[in-house]
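J.: Pasting a predicted model and its sequence here:
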Amino acid sequence: MTFNDLLEKVRFLSQKIDASNVNFLAVQVNITGDNGGVFYIEIKEGKINIEPYDYHDRSCGFTINMDHFNKLLDGKLDAVAAFTLGKLKVDGDLGKAIEFSNLIKNI
């Protein structure tokens, strides 16, 4: 899977997320490896925006490889387990990271 394919998958899946109760959440995702890249997911007033850029005022950031991120999206890898096993690194507000992981569990 290419980085652009992943970005389109995230955009498609984001349509299934109920973010109506989220006032603001900004997560930067750093995909490592050969097909890596950076994108952000911003939820503002219940609307989701996903763009392939750095987000400097983010709530938190994730660093993960393509395979593990796909498993997170597909529900085959739990975010807390990935963090505990060192497959997922989080910087910034851990509470916001947990809030985000709970949103993607429901897709």
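T.: Received the coordinates, thanks. Computed from a predicted structure; not experimentally measured. Numbers count the residues shown, from 1 in each chain.
J.: mind listing the strands for this structure?
T.: With DSSP state E as the definition, the chain shows strands at residue ranges 24-32, 37-44, 47-51, 60-65, 89-92.
J.: wait, which of these is closest to residue 76?
T.: Using C-beta to C-beta as the criterion, the shortest distance between residue 76 and those is 13.4 Å, found for strand 60-65. C-beta here means a position set from N, CA and C on the backbone, and glycine is covered the same way.
J.: and the closest one, which strands flank it?
T.: For strand 60-65, the paired strands and their directions (DSSP bridges) read strand 24-32 (parallel), strand 89-92 (antiparallel).
J.: Pull out the buried residues from that strand.
T.: Taking 16 or more other C-beta atoms under 10 Å as the basis for neighbour counts, the residues of strand 60-65 that come out buried are 60-65.
J.: In TSV: the residues you listed, plus pLDDT.
T.: Conversion of these to TSV gives the following (pLDDT from 0 to 100):
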residue	pLDDT
60	96
61	96
62	96
63	98
64	97
65	97
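J.: Spatially central residue for the chain, please.
T.: residue 29 (5.4 Å; C-alpha atoms, centre = their mean).
J.: Now do the same for it: its pLDDT.
T.: The confidence metric pLDDT takes the value 97 at residue 29.
J.: and the residue found closest to it once you drop the neighbours it is linked to in the chain, what is it in contact with?
T.: By the measure of C-beta to C-beta, 6 or more residues apart in numbering, the closest residue to residue 29 outside its immediate chain neighbours is residue 62, 5.0 Å from it. Residues touching residue 62, when contacts are defined by C-beta atoms under 8 Å, 6 or more residues apart in numbering, comprise 27-30, 69, 88-90, 97.
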